[in-house]
Every structure is written in C-alpha cells, then in structure tokens.
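> dropping a prediction and its sequence here:
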Amino acid sequence: MKSNKSSSDSSKQPNRTAGKVNKSPKQQRKTQDKAHKPKEPSQKVSVPVAKSLSIEAKKAAQLVAAAGERIQKVLARGGVGSRREVERWIDEGRLKLNGELVKLGDRLKQGDYLQLNDRVVHWEKFAIQPTRVLLYHKPTGEVVTRRDPEGRPVVFTQLPTLTTARWISVGRLDINTSGLLLVTNNGELANKLMHPSAEVEREYAVRILGSVSEATLEKLKEGVELEDGKAKFNEIHFFGGEGANKWYNVIVSEGRNRLVRRLWESQEVVVSRLMRVRYGPVVLPERLKTCTYYELTEKELDLLFEFSGMERNEAHLVREKPEVVKPRVNRKRP
C-alpha cells in the first residue's frame, strides 16, 4: 500500500536524449550539464495528472457520445442512482430528455439535455469517470450516512472529495459495528455487489458473552425464523477466547439490517463486539488502522470487476495513484 505522490515526479525522470554511451567522460559531463539546464516554459515535457485525465476523458466522452449510452447506465456509473432506481424514475416520469419524458431504452448522445426532477443533470462528466473503490476501516461510533441529525460522526466526511460524482457505500454497517466498508463512485458496480441475487458472502468476527452449545450453533446454521423471514449463518468457526468472552467468525450471504446480531440474539446470546473482516473477495488489511482507507489498484479493480461479472472498459482513463490516508486529527467523537 503506497501513498499518493505528486504527478510532478514524472519531470524528475532522466532525459532519454542525453549523451551516447561511447562518448568520453568529459563529453558526457558536458552533455549532462546541458540536459539539466532549466527549460523554457513552452518546452515542458511533464503533464499534471489532472490535465492528462482531461485529455483522455475528452477522447472517451467523444467516443461514448457518438454511439450513445442508455440513460440508466450513465447515471449509475456517475453514482446518481442504481440502474433499477433510474428505471423507476423513468416509470414515474421524473426524467426528461431534451424536454420530453424519458422512455426505457432512450440513449444519451452528444448535446442532449437531461433533467431529473426538472433539475439539469450534467451527465457528460459521468461518461469519463474512472472507477475508484476504497476500503475504509470504520470504527464504532460512526454512522454510514451523508448527514446525521444527531450530529454524530459520519463515514463520508472521512473520505476524499469527488468533483464529478459521489461515494456510494456497498452495504452498510450500523453504528456499533466496525470493520470493512467498501465505497465506490461506480453505482453499477455497487449495485452488483449488493444485489440479493449475487449472494455475496460477508464475514464477521464476533465476540460473545458466555458459552454457546453445539446444538445452538447447529440451529443457527440450519436457520431460524426472524421477524423479516428465515435466516442462517453459512459457516460458524470458533476462534478461541478466555473467561466469559468467546470469539467466532461467521459468514452470511445477505445484507439484511443487523442480521448477524439478530441471529445471535434470537438464541439469547449477547454480542459484545462485531467487526466485518471480509466482503466477497475483499479482505480488511490487517495493518489498516481505523478511520483510514486503502484504494484498490488497477489489478485489484480488474479482479473485483471480474468477480461481479462486469466488463471494465475504462483502462485508457488516467486516474490518481491508489493511496492510504492517515486519520484526520480534528475529528469529533460522540
């Protein structure tokens, strides 16, 4: 895990046109002296990352605009909403394209004017947004929401600011649960990873108070009836513990609200600590401290796309290097 470096580092690379190998040492020194003289502003070779992104993004936008893309796909990629949500908005007549109500199957092309609830949507920038995925180590006490009326710390204030989209959490963790939280700017990818049909495994480390019988563990694996339907643990593994506290690792394949806690509580077992350690193929790094995040690399993104069954066709876009960020100092604690 490496931290971001300024894009100006590229200007420190050696000049490829410097002296030939068969020159004398004196001639080589003269050539090197010339090579290290400051250049005029018009001769600068290095290009900032933001400018590179702009050039590549414009090319990508031109290609997309020529063929056109389905509205729900563009808005999902920009994090405005999932494809299913956008389709519902279309059915409800909340989207307009060039002044006309949008119909399923309509495509966005260059110059199109899109409105959501009569407000302009600058959709062009969504066609050029490279996917980013962060692994955030959520502490207890933070809530997974954008605004909290009670003034409690929120997860999204700890993440980097996006200029052309918004962060979407892949599932949620309640205020008393810590551990791995995936966030992305790609609404389509988030929807794929959260959709119940995908049955993506979530693994939790659970500390409980007291001992649990083998009969209770078997019952939890077979399934118990909750207020919102039957549920179960796919796997339960004992991880030791001394005294009254015992640690277990459990795996579930759905994301119902407080499911892990409710399953244990249905058997009158008290959960004293709950931490998510894995979501699908993504594991919480051991060295990632609370309130910090790690950004997936290009190769890791490719694997995540493959896992979700999606094609990644944005490899030509330039994005900032993955980073690990230290926790902010001036954070408010509840």
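Thanks, I have it.
> how about the top strand by length along the chain as PDB, C-alpha atoms only?
In the chain, with assignment by DSSP state E, the single longest strand is strand 270-279. Presented in PDB, the C-alpha positions along strand 270-279 are these (Å, rounded to 0.1, in the frame of the first residue of the first chain):
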ATOM      1  CA  VAL A 270     -25.200 -11.400  23.900                       C
ATOM      2  CA  VAL A 271     -22.900  -9.900  21.200                       C
ATOM      3  CA  SER A 272     -20.300  -7.600  22.900                       C
ATOM      4  CA  ARG A 273     -18.300  -6.800  19.700                       C
ATOM      5  CA  LEU A 274     -18.900  -7.100  16.000                       C
ATOM      6  CA  MET A 275     -16.500  -6.500  13.200                       C
ATOM      7  CA  ARG A 276     -16.700  -7.100   9.400                       C
ATOM      8  CA  VAL A 277     -13.500  -8.600   8.100                       C
ATOM      9  CA  ARG A 278     -14.400  -9.600   4.500                       C
ATOM     10  CA  TYR A 279     -16.900  -8.600   1.800                       C
END
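> so where do the strands sit in the stretch 1-150 of the chain?
Along the stretch 1-150 of the chain, counting by DSSP state E, counting those that start in this stretch, strands occupy 69-70, 95-97, 100-101, 107-108, 114-116, 119-121, 133-138.
> the longest strand of the chain: which residues count as buried?
271, 274, 275, 276, 278, 279 (16 or more other C-beta atoms under 10 Å). All C-beta spots, glycine's among them, are computed from the backbone N, C-alpha and C.
> pretty sure the third one contacts residue 177?
Yep, that's residue 275 we're talking about. Yes. Residue 275 is within contact range of residue 177, at 7.0 Å (criterion: C-beta atoms under 8 Å).
> just the strands of the stretch 1-150 of the chain: most buried one?
Ranked by mean neighbour count, the strands of the stretch 1-150 of the chain are led by strand 133-138 with a mean of 23 (mean count of other C-beta atoms under 10 Å).
> run me through the strand neighbours of that strand, direction for each.
With DSSP bridges as the test, strand 133-138 is paired with strand 178-184 (antiparallel), strand 293-295 (antiparallel).
> following that strand, which helix or strand comes up?
Downstream of strand 133-138, the first helix or strand assigned by DSSP states H and E is strand 168-170.
> got a list of contacts for that next one?
Contacts with strand 168-170, where a contact means C-beta atoms under 8 Å, 6 or more residues apart in numbering, come from 79, 144, 155, 181-187, 190, 193-194, 279.
> ok, back up a step: which strands and helices sit next to the longest strand of the chain?
Here strand 270-279 touches strand 178-184, strand 202-209, helix 259-265, going by 3 or more C-beta pairs under 8 Å, 6 or more residues apart in numbering; DSSP states H and E.
> as JSON lines, the ones you listed with mean pLDDT and mean neighbour count would be great.
Conversion of the helices and strands packed on strand 270-279 to JSON lines gives the following (pLDDT from 0 to 100; neighbours: other C-beta atoms under 10 Å):
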{"stretch": "strand 178-184", "mean pLDDT": "96", "mean neighbour count": "22"}
{"stretch": "strand 202-209", "mean pLDDT": "96", "mean neighbour count": "19"}
{"stretch": "helix 259-265", "mean pLDDT": "96", "mean neighbour count": "19"}
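> okay if I get the ones you listed as CSV plus distance to residue 108?
Shown next, in CSV, are the helices and strands packed on strand 270-279 (distance: least, C-beta to C-beta, whole Å):
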stretch, distance to residue 108
strand 178-184, 22
strand 202-209, 35
helix 259-265, 38
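> so which of these gets nearest residue 301?
The closest of the helices and strands packed on strand 270-279 to residue 301 is strand 178-184. By C-beta to C-beta, the value is 9.6 Å.
> just the C-alphas of the closest one, formatted as CSV.
The C-alpha trace of strand 178-184 is given here as CSV (Å, rounded to 0.1, in the frame of the first residue of the first chain):
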residue,chain,number,x,y,z
SER,A,178,-16.7,-1.7,13.0
GLY,A,179,-14.6,-3.1,10.2
LEU,A,180,-14.5,-3.2,6.4
LEU,A,181,-16.8,-0.8,4.4
LEU,A,182,-16.4,-0.7,0.7
VAL,A,183,-17.2,2.6,-1.1
THR,A,184,-17.1,3.4,-4.8
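> strand 202-209 and that one, what's the angle between them?
Here strand 178-184 points in a direction 160 degrees away from that of strand 202-209 (axes from the mean of the first three to the mean of the last three C-alpha atoms, to 10 degrees).
> pull out the buried positions in stretch 167-179.
So, applying 16+ other C-beta under 10 Å, buried residues of stretch 167-179: 167, 168, 169, 170, 171, 172, 173, 175, 177, 178, 179.
> oops, could you answer that again for stretch 156-164 instead?
Quick answer for stretch 156-164 (16+ other C-beta under 10 Å): 156, 158, 159.
> how far away is the last one from residue 243?
Translated: residue 159. To residue 243, residue 159 is 38 Å away according to C-beta to C-beta, to the nearest Å.
> what's the answer for the first one, then?
As defined by C-beta to C-beta, residue 156 lies at a distance of 38 Å from residue 243.
> where do the domain boundaries of the protein fall?
According to automatic domain parsing, the chain comprises the domains 49-128, 133-325.
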